[in-house]
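coords please:
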Amino acid sequence: MPISSISKPSKAKIVFHQGSSRLVDCESVSPMRFLHPYFSDQAACLILSSYGGGLVQGDQISIEIECDVSTTLFMGTQANSRVYRNDQGYSTTHSLHVEVAQHAKVISLPEPLVLHGGSQFHQKQKWNLQKDAAILLGEWFQCGRSDSGERFAYDFYDSLIEIRQEGELLLREPFLSKPDPHPPNQTGCFGDANLLLNLYAVGEAQELLLAALEPFVAEQSAHTQVPALGQKVSFPAPDTIRSLVELEHAPITIFRMLGKTRMDFDPVWQALGPLLATEKWLGKEAKLPMCRQDLS
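Take a look at the predicted model:
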């Protein structure tokens with residue numbers, strides 16, 4: 001089901017002025033609102049929030065963000081993005097369109113999307129990058145209120161992410177999950193995992209992602225190697241599943257990870273945090289909101 005058009009999107013524009021990135025234009029349209037807390041002297045910060053602490057049936061959110069030449073932006077969410085039950089047949093929709101100019105950098109790391117039982121959610125993200133632009137885009141999905149035993153009780157989750165650079169399509173990744181009639185908790189799908197994290201890195205962010213997570217992913221190889229026939233080799237079952245892929249046809253690197261709890265993902269943020277807190281990226285005083293432990 002395509003996302004229907006919304007007459008008036010929420011808009012924000014970031015420009016580079018006097019050595020730092022600044023928000024110069026910001027308009028929030030209910031039920032979405034922008035928050036703009038101080039993040040660092042170098043990078044601008046946009047936190048996406050919603051009135052009422054979540055999205056209800058019929059909510060339609062459209063966001064357009066423009067990042068000017070040489071700007072640096074950190075994007076996140078105030079808390080978990082909760083999508084509540086739908087009992088009237090009006091799906092919740094979310095559309096994000098980001099323009100990233102030359103030499104601009106965007107780090108988008110939201111908190112998990114949590115789909116409550118009976119919810120219906122359509123999402124579309126379009127990222128248009130110019131030459132020498134870089135992005136690190138995170139997409140984090142939780143199967144429901146798993147702490148209270150709710151898993152894959154939503155009606156459907158429909159997501160599409162498109163990344164283009166100078167008009168050329170780098171990535172088009174659709175994801176559709178309908179627990180009925182195809183339970184995602186089967187072996188070969190989510191299994192006993194409750195969360196899925198995808199990280200997409202383009203441009204200079206590829207080097208950053210590889211430096212942070214390649215050693216972390218290397219630990220996975222011992223659990224995925226297939227022993228030769230006739231050998232009796234056993235490996236302990238991993239608590240998480242991780243993969244790091246560089247696409248041959250496009251300048252993009254993808255990291256994927258499955259885990260049972262949010263704590264399983266702490267090593268990811270601990271690896272990324274120090275590399276992002278530099279003058280090249282977000283500024284020395286910057287700290288990822290999801291880093292709950294001291295990284296010093």
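
Just give the nearest non-adjacent residue to residue 246, would you?
Spatially, and ignoring its direct neighbours in sequence, residue 246 is nearest to residue 253 (4.9 Å; C-beta to C-beta, 6 or more residues apart in numbering). (Each C-beta comes from the backbone N, C-alpha and C, glycine too.)

Please look at the one you found and residue 243 and confirm they touch.
No - using C-beta atoms under 8 Å as the test, residue 253 is too far from residue 243 to be in contact (11.1 Å).

Looking at these two, which one has more neighbours?
residue 253 (22 against 12; other C-beta atoms under 10 Å).

Surely that one is in a helix?
No - counting by DSSP: H, G, I helix; E, B strand; the rest coil, residue 253 is not part of a helix but strand.

Who are the contact partners of it?
The contact partners of residue 253, by C-beta atoms under 8 Å, 6 or more residues apart in numbering, come to 200-201, 205-206, 209-210, 244-247.

Those in helices, which ones?
205-206, 209-210 (DSSP state H).

Name the nearest of those relative to residue 262.
Nearest to residue 262 among the ones in helices among the contacts of residue 253, counting by C-beta to C-beta, is residue 209 at 20.1 Å.

any idea how far the closest one lies from residue 37?
25 Å (C-beta to C-beta, to the nearest Å).

which of the two has more neighbours?
Neighbour comparison, residue 209 and residue 37: the larger count goes to residue 209, with 24 against 10 (by other C-beta under 10 Å).

what's the nearest residue to the more buried one if we skip its chain neighbours?
Of all residues not flanking residue 209 in the chain, residue 201 sits nearest, at 4.0 Å (C-beta to C-beta, 6+ apart).

Tell me the bridge partners for the one you found.
residue 136, residue 253 (DSSP bridges).

how many other residues sit next to it?
25.

need the contact list for residue 61.
Residue 61 is in contact with 6, 10, 31-32, 50, 55, 93-95, counting by C-beta under 8 Å, 6+ apart.

Make a PyMOL selection of whichever of the residues you listed turn out to be buried.
For the buried members of the contacts of residue 61, the matching PyMOL selection, counting by 16 or more other C-beta atoms under 10 Å, is:
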select buried, resi 10+31+32+50+55+93+94+95
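
Keep only those of the contacts of residue 61 that are in strands.
Among the contacts of residue 61, DSSP state E puts 10, 32, 50, 93-95 in strands.

nearest to residue 155, of the residues you listed?
residue 93 (13.8 Å).

Quick check, the closest one in contact with residue 60.
Yes - judged on C-beta under 8 Å, residue 93 makes contact with residue 60 at a distance of 4.9 Å.

returning to that earlier point: among the contacts of residue 253, which ones are buried?
The buried subset of the contacts of residue 253 - by 16+ other C-beta under 10 Å - is 200-201, 205-206, 209-210, 244.

Make JSON lines out of those and add pLDDT and distance to residue 114.
Listed next are those as JSON lines, based on pLDDT from 0 to 100; distance: C-beta to C-beta, whole Å:
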{"residue": "200", "pLDDT": "97", "distance to residue 114": "21"}
{"residue": "201", "pLDDT": "97", "distance to residue 114": "25"}
{"residue": "205", "pLDDT": "97", "distance to residue 114": "26"}
{"residue": "206", "pLDDT": "96", "distance to residue 114": "29"}
{"residue": "209", "pLDDT": "95", "distance to residue 114": "25"}
{"residue": "210", "pLDDT": "94", "distance to residue 114": "30"}
{"residue": "244", "pLDDT": "89", "distance to residue 114": "26"}
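
The strand or helix carrying residue 124: which residues count as buried?
Assessed by DSSP states H and E, residue 124 sits inside strand 120-129. Within strand 120-129, the residues scored as buried using 16+ other C-beta under 10 Å are 120-125, 127-129.

distance between it and the chain's centre?
A distance of 11 Å separates the centroid of the chain from that of strand 120-129, by C-alpha atoms, centre = their mean, to the nearest Å.

what's it packed up against?
Using 3 or more C-beta pairs under 8 Å, 6 or more residues apart in numbering; DSSP states H and E as the contact test, the elements touching strand 120-129 are strand 92-100, strand 113-115, strand 134-142, strand 156-165.

Which positions in the second one come out as buried?
To tie it back to what came earlier, the one meant is strand 113-115. In terms of neighbour count (16+ other C-beta under 10 Å), strand 113-115 has its buried residues at 113-115.

Direction included, what does that strand pair up with?
Strand 113-115 has its sheet partners listed here by DSSP bridges as strand 81-83 (parallel), strand 134-142 (parallel).

Contacts for that strand, please.
Contact partners of strand 113-115, identified using C-beta under 8 Å, 6+ apart, comprise 80-83, 121, 123, 139-145, 154, 157.
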